[in-house]
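In: Show me how the following folds:
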Amino acid sequence: MIAADILGHVTPVIDAVVDAFGVVQGWLFQTIVNPLVYHLGFGEFTEEAFEGTEWLLIGLCELVLLFLVLRPLEALIPAQKITDPRARWNDFIYTVLHRIGLFSVVVFFTLDPLMDALAGALRFDNIHPLNLESLLPGISPLLSFIIYFVILDFVDYCYHRASHHFGWWWGLHSLHHSQQNMNLWSDDRNHLLDDFLRDVVMALVALGIGVPPGQYVLLVSISRILQSLQHANVRIHFGRIGERLLISPRFHRTHHAIGVGHESKGKGSMGGCNFGVVLPIWDMLLGTANFSAGYARTGVRDQLARIDSKGMGRPGRSYGHGFWQQQWLGLRRMVEFARIKRKGRR
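Out: Here you go, the predicted structure:
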């Protein structure tokens, strides 16, 4: 009865928020997005543009939420002192480009039409993706949402762990780990190619298991908000039980720790721990969980100055200071590490 009463009070609030969001989305589309689309000569993409407006609006809401909640927490209880404010500002640019800017445009003109074409081809061949509603008639929308969330989180864990295992892939993903002043914007500090590959994989899986488009948008948004929390420069953990239910900033910071979280078996990208994206259960089940206390220094081992075999001091590897330099160096590392991997197999 209590649960039913709570649900009865919460549902109207949720409905009101959804309705308000729809009104704002419609206004934004009619006033700004649609005229711009036609002005640029892309009138045939009107439907896709409306969907893109939803992503844009959600991205704006996420930015406001992160700035109002996480930014004050970073100032009040920082895990480490920020020594390079420029690096944090650069991460903020990544977040803006990813959630409401450049990356959204790239996905709009490539991934979304690709997924729509694939779904249409499957329907034409009378191939319909499995979905929970057909497998479990009568399942509640909330329960189906949770199941979809768990499945996609497991796929994300596998993708993330693979990006630490293969040399060429680590060449791209290491950009994400090169932030030595990890902060709430660092979640989006990724190579564009790595981001695009991940979005393709996640979209294909979502399509294959029949995730409704409306639910997929919400699934992605919730995951992104939680990942921003994990990367935040805050001294926060969830306690003995909570740490095993949801990934905390401390748990994920261990994953970013130099020589511990992602390269613990020696040089390069092998080994590591805490690959989970939202739920730590996959790390616990697959033996990659590390619940160490403390807030370790973040970065990649080869960024540190070292002494070579001849006793000479060598500077650490540069991962770039600006967006385009970081993207270019990521491609160079991808080629370099792929060659090293091939040589090691000979």
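In: mind checking how far stretch 284-292 is from the chain centre?
Out: A distance of 20 Å separates the centroid of the chain from that of stretch 284-292, by CA atoms, centre = their mean, to the nearest Å.
In: buried set for it?
Out: 288-289, 291 (16 or more other CB atoms under 10 Å). Where C-beta positions appear, they are placed from N, C-alpha and C, glycine not excepted.
In: cool, stretch 300-308 as well?
Out: Going by 16+ other CB under 10 Å, stretch 300-308 has these buried residues: 300-303.
In: Please produce a markdown table containing the residues you listed, extended by pLDDT and secondary structure.
Out: Formatted as a markdown table, the buried residues of stretch 300-308 follow (pLDDT from 0 to 100; DSSP: H, G, I helix; E, B strand; the rest coil):
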| residue | pLDDT | secondary structure |
| --- | --- | --- |
| Val300 | 92 | coil |
| Arg301 | 89 | helix |
| Asp302 | 88 | helix |
| Gln303 | 89 | helix |
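In: from those residues, which two are the most distant?
Out: The span of the buried residues of stretch 300-308, defined through CB to CB, is set by Arg301 and Gln303 at 7.1 Å.
In: ok, now which ones touch Leu57?
Out: Listed by CB atoms under 8 Å, 6 or more residues apart in numbering, the contact partners of Leu57 are 21, 24-25, 28.
In: again, but for Leu143
Out: Contact analysis of Leu143 by CB under 8 Å, 6+ apart lists nothing.
In: Low-confidence stretches in the stretch 201-346 of the chain?
Out: 263-271, 308-311, 341-346 (pLDDT under 70).
In: Would you map the strands across it?
Out: Per DSSP state E, counting those that start in this stretch, the stretch 201-346 of the chain carries strands over the ranges 306-307, 313-314.
In: Between those strands, which one is closest to Asn190.
Out: Asn190 lies closest to strand 306-307 among those, at 26.2 Å (CB to CB).
In: Format the CA atom coordinates belonging to stretch 227-240 as PDB.
Out: Extracted C-alpha coordinates of stretch 227-240, given in PDB (Å, rounded to 0.1, in the frame of the first residue of the first chain):
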ATOM      1  CA  GLN A 227      29.500   8.800 -14.900                       C
ATOM      2  CA  SER A 228      30.100  12.500 -14.500                       C
ATOM      3  CA  LEU A 229      29.600  12.000 -10.700                       C
ATOM      4  CA  GLN A 230      32.200   9.100 -10.800                       C
ATOM      5  CA  HIS A 231      34.800  11.400 -12.400                       C
ATOM      6  CA  ALA A 232      34.100  14.300 -10.200                       C
ATOM      7  CA  ASN A 233      37.000  15.600  -8.000                       C
ATOM      8  CA  VAL A 234      35.200  14.900  -4.800                       C
ATOM      9  CA  ARG A 235      36.000  12.900  -1.700                       C
ATOM     10  CA  ILE A 236      32.800  10.700  -1.800                       C
ATOM     11  CA  HIS A 237      32.200   7.100  -1.300                       C
ATOM     12  CA  PHE A 238      29.000   5.200  -0.700                       C
ATOM     13  CA  GLY A 239      29.900   3.000   2.300                       C
ATOM     14  CA  ARG A 240      30.500  -0.800   2.500                       C
END
